[in-house]
Structure formats: structure tokens, C-alpha cells
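**Student:** compute the structure for the input listed below.
(2 chains)
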Amino acid sequence: MTETPAAPAPPTPRAPGFLQASLRIMDLSIGQMLWSRRTIFMALVVCGPVVIALVIRLITSLGVPTRINGAAMTGPAIFGLMIWIFYLRFTVPVLGVFYGTALIADEVDDKTITYLFTRPIPRGAVLVGKYLAYLVATGFVVLPSVALVYLLIVPINGSLGTSFLAFVKDLVLLAVGLAVYGALFAFIGAWFKRPLLIGLIFVFGWEQAALAFPGYLKRFTVAYYLQGLVPHAMPQDSVLSLVQAIVRQTPSLGSAVLWLIVIWVVTLYLASRMVERREYVLDQ
Amino acid sequence: MPIHDQSYRRYGGHREALGRAWTVIAWAGIRSMIGKRKFLALLIFAWIPFIVRAVQIYIAANFPQASILAPTAETFRQFIEQQGVFVFFVTIYVGAGLIANDRRANALQIYLSKPLMRVEYIAGKLAVLMAFLLLVTWVPGILLLLLQVLFAGSFSFLRANLFLFPALTLASFLQVIVASFTMLALSSLSNSSRYVAILYAGAVFFTEAMFGALTAITGSTAVSWVSFSANLAQVVDVIFRLKPRYDTPVPVSLLVIVALIALSISVLERRVRGVEVVT
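**Tutor:** This is a model prediction of the structure:
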């Protein structure tokens, strides 16, 4: 009797590397992020400025001029104002807090983080993948909203061509804001058990207060560096913004970009490291 | 090894009288929050403005050179306004999970299977939030008024500003009721306390941003009725006998506040049910 040689075992597939694993997690998470009730919130947040822009456009098309204290206001000026008030001060930080803190906290709350951690991929890749999905999801919703506002508002006593460069700068600025705030709050979300309140205190408490004080305090905020890159004049629509405008110092372009990159890289690295090392205890 | 009797036993505890069961929920909620160290830290932090104002009143009462610091009715109005930021954070900390966590744990059905009316459940939850909010608005406000009398050693300020007691009470309760009802309604809409928290923050700051943008574009504050906090500020100014800060008529701001409370009650009425009938 002759023994038939055993078929060679199929080679064990190699575990994906960090980048490949991150991209797989991103692929998995984008759908979850876009088709969830969070999208309703995000849609509401980004639809508000578009609706206002539409109303302003309709009013001006009826021949009513937009005037402040008797002075006519141009479309590019209104657009700059909306970028400041709606996007830089509200949408970008709020979406950063909301999604950034939820990247890991959601999985912990739903007790599904175990399933992700049992995959043969680095734990840090889970966070980075989810972070990339956050960037894509928010970018695809926020940036088109800005583009719509631009197309509706800027033609009012203005030209799309001449303000196009400022518009591109705005898009880049908002993308950078989403990236930096997202990384910061991903770190906070990976670190703390109840990260949302800390995130809200940072954005609406610390950042607002620090920007209203003279001296170096404002350098410990993201808004200081982000607002330093805005190509539009800062509006003074409240007492707080008036005080912030009085004590405002604008960092140089190089310094602002450098610090934003530092904050982004360091917080994302720390968040990834935190997820790698931390033992998440799930509530029973 | 003892074998415990697991069969049916009659309830041996004390049953609250009809309409008093909400106090059980309220006390349980208050006790649970007081047990959290981070929350206590937030409460202590919320009392710092009180200490600063108390020092201001002390100096004004004892050092004639510092008469510029002497309190006026506006000082108390400013104090209530300053506490707004703590009202926001306490509302989120305490209120976001009040109903959302019960919904998440399917505890609403258990609650409402007891001799407890829906109104009592809502009142109990509302009492938890209102108790802490009053602790950072009304209590320090009234204590400041009391301190003024004690430090000055005379009733002359109180006599001259007798309206301050009802004004502080009305303004604090208005602020607290609006925040509590809104948060509770939002909490009943979701199973996730984090989603509720961000919805509340979004509602407050988005309406504020809309008001800011519309003010800047139109050059008028007549659109202040779109903002959650501007409506409150407008009405509270009138309560303190000050000139309203925005161009919106005060009845309009009051109407928006009343509509917001009515909407919240309607949401609570629809969402807090023991059994969800799916058709």
C-alpha cells in the first residue's frame, strides 16, 4: 500500500500592514458613518448656511440690496462672514468633537470594540482607519456645502473669478480644521471614558476664553492657528468676538501651518498609541 | 449551603402616595449624580463666580474707596448671565442621559410597569436636572443678595431694589425650565446620551451662529428670536428692569420661549410611553 502524500497546507495569508489595515477599517467605517442618524445632524449643520445663502440670494434677486448701516455689502464679504461664523467657529469644531470623540467611544459603548481588536491588525490601525473615514465623510459633506454657499453668495456684487483663490484657501483651511480637530478629539476620545463633555468644554469654554485674553494663552488652542490662516476679516458679531478681535494676534503663515501640523501629527500618534496600549473594560 | 426562596414575595417596602412617586426618581437621580467626583468638581467650579462676586460685595461694603465696585441691580443680572455657561455644561452632564440611558437599557417599560404615571416619571427626571441647575443659578444669586445685606449691615440696598428677589427667582427659573425641558425632550428622542449632548450643543450654538450671521448681514438685531440664548437674554433683561439688548419685541422672544417649552412637552408626551405600538 502506498501512502498518498498529504496535500501541502495552504500558505497562511500574511496579516495586512498598518496602512492596508487602516484602509480596510476606513472602507468598513465610511458606510457606517454616512448611513447613520449622525448624518442627519451633520446634514442639519451644513444645510443651515446653504438655506441662509439661498434666502439672501432670493432677496437680492428681488432687488433688495444687502446693506449694513447704509453701506452696501458685497457677496464676497458676506461669504467671508459666513465662513467665519458658521464654518470656522461652529461646524468644524462641532463635527470634530462629535465624530472625533466617537471614533473609539462608540465601539466601547456598543461593546463591539472586541470584534475589531480580535482581527489580525494593529490596534492603532483601527483608530487611524476610523479617523480617515471621518475625514472622508465630513469632507464630502462640509466642503460641497461651502461650495454651494460660495456659488450662491459671491455673485452678489462680486465675481466668482476674482474670489476663487480665497475660496480655494477656505476649502483647504476647513479641511485642515477638520483634520486637526478630528485628531485632537480622537485622542481625547481614546483617553477619556466620557470624552464629549471634555471636548465641548475645550471648544466652547477654553478656546473662546483663551482667545479673549492677551498674551500666550491663546497659543494653547487650535482656533488661534486656524484663524490665523483665514483670508477674510474677522466679524464682530458679539461682545466676545469684539474682545477677541481687540486682543487678536495673528501668527505668521509658517508658524500657523507648522503648529497645526505638529498638533495633528502628535495627537493622532498619541491617540493611536493610546488605543494600542489601553485595556478597554466594557460595562456589563 | 442555604437555598434562598426565589418564589413570589409581596413587596415589603413603603409605597409612596399617589402623585408622590416622582420624588423617588428625583432622589435616586440626585444621589447618583452627587456620587460622581467629576460632577462635584464641575459644581464647585460653577460656584467660583459667586466667590468672586462675594469678594466684590465685601470690598465695596467695607472700603469706601472701592465704591466703584458697589453692586447694582445690573450686577445681579450679570451674575445670572455669567452662570449661563455652567447651566449649559451642567445641563449636558446631568440631562443628556436622563431618559436616553433608560431607553438604551429598555428601563422605560420597567419604570412604567410600576405604580408610576408618565407625568411622575418625567417630573422625577426633570427634578433631578432642575435641582442642580437651580444650585448654580438661583441659590448663589439669592445668597449674594443676602451677603450684600450682611456685609453692608443695612437693608437700604435691598429696600431700594426690592424687585431683585422676585427677579432673581423668575430669571433663574425661566433659564432652568427652558434648559431642562429642552434637554429632556432631546434625551427622549435618542438612546445615546452622547448624541443627545451634541444635539443640545448644536441647537444652542447653531442658533447663536445663525443669529450672529443674520445680524452681521442685515445690520439689525431684530432677528434675535432665532437664537435660543438670545431670547432668554432678552426676556431676562426685562425681568431685571433693564433695557432689552436686541431689537426684537420682548413678546416675540417670550412667545418663542413658550413655544419651545410647549414643543418639548409635546415631544415628551409622544416619546415617554411604556409600550411602543408598531403598526
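**Student:** and the stretch 101-250 of chain A, which residues reach chain B?
**Tutor:** A:101-102, A:105, A:109, A:194, A:196-197, A:200-201, A:204-205, A:235, A:237-238, A:241 (CB under 8 Å from any CB of the partner chain). To be clear about C-beta, it is placed using only N, CA and C from the backbone, and glycine gets the same treatment.
**Student:** give me the subset of the residues you listed that lies in helices.
**Tutor:** Cross-referencing those against helices under DSSP state H gives A:T101, A:A102, A:A105, A:D109, A:L196, A:L197, A:L200, A:S241.
**Student:** ok, A:G215 - how many residues close by?
**Tutor:** Counted with other CB atoms under 10 Å in any protein chain shown, residues neighbouring A:G215 total 9.
**Student:** those strands in the chain, which residues are they?
**Tutor:** Let's take chain A. If DSSP state E is used as the criterion, the strands of chain A fall at A:67-68, A:71-72.
**Student:** up against chain A, what does the stretch 1-150 of chain B have?
**Tutor:** Within reach of chain A by CB under 8 Å from any CB, the stretch 1-150 of chain B has these residues: B:K38, B:V85, B:F88, B:F89, B:I92, B:Y93.
**Student:** how about the residues you listed in CSV, adding pLDDT?
**Tutor:** Shown next, in CSV, are the residues of the stretch 1-150 of chain B next to chain A (pLDDT from 0 to 100):
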residue, pLDDT
B:K38, 89
B:V85, 91
B:F88, 94
B:F89, 93
B:I92, 94
B:Y93, 94
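**Student:** pLDDT below threshold where in the stretch 51-200 of chain A?
**Tutor:** By pLDDT under 70, the low-scoring segments of the stretch 51-200 of chain A are A:64-72.
**Student:** how near is A:L151 to A:G158?
**Tutor:** To A:G158, A:L151 is 12 Å away according to CB to CB, to the nearest Å.
**Student:** again, but for A:A105
**Tutor:** A:A105 is 43 Å from A:G158, where distance means CB to CB.
**Student:** quick check: residues of the stretch 151-279 of chain B near chain A?
**Tutor:** Residues of the stretch 151-279 of chain B lying near chain A by CB under 8 Å from any CB: B:190, B:192, B:194-195, B:197-199, B:201-202, B:205-206, B:209-210, B:212-219.
**Student:** what's the PyMOL line that selects buried ones from the residues you listed?
**Tutor:** Restricted to buried positions by 16 or more other CB atoms under 10 Å in any protein chain shown, the PyMOL selection for those reads:
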select buried, chain B and resi 190+192+194+195+197+198+199+201+202+205+206+209+210+212+213+214+215+216+217+218
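**Student:** so who does the most centrally placed residue in chain B touch?
**Tutor:** For chain B, B:V176 is the residue whose C-alpha lies nearest the centre (CA atoms, centre = their mean; 2.8 Å). Contacts of B:V176 were listed using CB atoms under 8 Å, 6 or more residues apart in numbering or on different chains, and they are B:V87, B:M130, B:L133, B:L134, B:T137, B:W138.
**Student:** any idea how far the first one lies from B:V236?
**Tutor:** Using CB to CB, one gets 12 Å for the distance from B:V87 to B:V236.
**Student:** for these two, list the residues in contact with both.
**Tutor:** Residues touching both B:V87 and B:V236 (CB under 8 Å, 6+ apart) are B:Q175.
**Student:** residues touching the residue lying closest to A:L211 once chain neighbours are set aside, list them.
**Tutor:** In space, and not counting its chain neighbours, A:L211 is closest to A:Q244: 4.7 Å by CB to CB, 6 or more residues apart in numbering or on different chains. Neighbouring residues of A:Q244 by CB under 8 Å, 6+ apart: A:Q208, A:L211, A:A212, A:M234.
**Student:** next: B:L184.
**Tutor:** Going by CB under 8 Å, 6+ apart, B:L184 touches B:G95, B:L98, B:I99, B:I122, B:K125, B:L126, B:L129, B:S264, B:L268.
**Student:** from those, pick the one nearest chain A.
**Tutor:** Set against chain A, the nearest of the contacts of B:L184 by CB to the nearest CB is B:G95 (11.6 Å).
**Student:** and the pLDDT at that closest one?
**Tutor:** B:G95 is assigned a predicted lDDT (pLDDT) of 93.
**Student:** that one against B:F181, yeah?
**Tutor:** No: between B:G95 and B:F181 there is no contact under CB atoms under 8 Å: 10.0 Å.
**Student:** who has more neighbours out of those two?
**Tutor:** Per other CB under 10 Å, whichever of B:G95 and B:F181 has more neighbours is B:G95, with 29 against 23.
**Student:** for that one, give its distance to B:T248.
**Tutor:** B:G95 sits 27 Å away from B:T248, going by CB to CB.
**Student:** longest helix anywhere in chain A?
**Tutor:** Chain A, longest helix under DSSP H: helix A:123-153.
**Student:** now do the buried residues in that helix.
**Tutor:** Buried residues in helix A:123-153, defined by neighbour count with 16+ other CB under 10 Å: A:123-135, A:137-138, A:141-143, A:145-146, A:148-150, A:152-153.
**Student:** any idea how far it is from the middle of the chain?
**Tutor:** Between the centre of helix A:123-153 and the centre of its host chain there is 7 Å, according to CA atoms, centre = their mean, to the nearest Å.
**Student:** what packs against it?
**Tutor:** Judged by 3 or more CB pairs under 8 Å, 6 or more residues apart in numbering or on different chains; DSSP states H and E, the packing partners of helix A:123-153 are helix A:18-34, helix A:37-61, helix A:75-82, helix A:92-109, helix A:113-117, helix A:164-191, helix A:253-277.
**Student:** the shortest one packs against which elements?
**Tutor:** Under the contact criterion of 3+ CB pairs under 8 Å, 6+ apart, helix A:113-117 touches helix A:92-109, helix A:123-153.
**Student:** recalculate using a threshold of 7 Å.
**Tutor:** Contacts defined by 3 or more CB pairs under 7 Å, 6 or more residues apart in numbering or on different chains; DSSP states H and E place helix A:113-117 against no helix or strand at all.
**Student:** now do the end-to-end distance for stretch A:145-164.
**Tutor:** 16 Å (CA to CA, to the nearest Å).
**Student:** run through who's touching it.
**Tutor:** With CB atoms under 7 Å, 6 or more residues apart in numbering or on different chains as the test, stretch A:145-164 has contacts from A:46, A:49-50, A:53-54, A:56-57, A:60, A:66, A:72, A:74-76, A:78-79, A:82, A:87, A:167, A:170-171, A:174.
**Student:** run the chain-centre distance for it.
**Tutor:** Centroid separation between stretch A:145-164 and its chain, computed with CA atoms, centre = their mean, is 23 Å.
**Student:** one more: stretch A:243-259?
**Tutor:** Remark: stretch A:243-259 is offset 20 Å from the chain centroid, using CA atoms, centre = their mean.
**Student:** just the CA trace of that stretch, in PDB.
**Tutor:** Provided in PDB are the C-alpha atoms of stretch A:243-259 (Å, rounded to 0.1, in the frame of the first residue of the first chain):
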ATOM      1  CA  VAL A 243     -12.900  91.300  22.700                       C
ATOM      2  CA  GLN A 244     -11.200  88.600  20.700                       C
ATOM      3  CA  ALA A 245     -10.800  91.000  17.800                       C
ATOM      4  CA  ILE A 246      -9.200  93.600  20.100                       C
ATOM      5  CA  VAL A 247      -6.600  91.200  21.600                       C
ATOM      6  CA  ARG A 248      -6.200  89.300  18.400                       C
ATOM      7  CA  GLN A 249      -2.700  88.400  17.300                       C
ATOM      8  CA  THR A 250      -2.200  86.700  14.000                       C
ATOM      9  CA  PRO A 251       0.600  84.100  13.800                       C
ATOM     10  CA  SER A 252       2.700  84.100  10.700                       C
ATOM     11  CA  LEU A 253       1.700  81.700   7.900                       C
ATOM     12  CA  GLY A 254       4.700  79.400   8.500                       C
ATOM     13  CA  SER A 255       4.200  79.300  12.300                       C
ATOM     14  CA  ALA A 256       0.400  78.600  12.000                       C
ATOM     15  CA  VAL A 257       1.000  75.800   9.400                       C
ATOM     16  CA  LEU A 258       3.800  74.300  11.400                       C
ATOM     17  CA  TRP A 259       1.900  74.300  14.700                       C
END
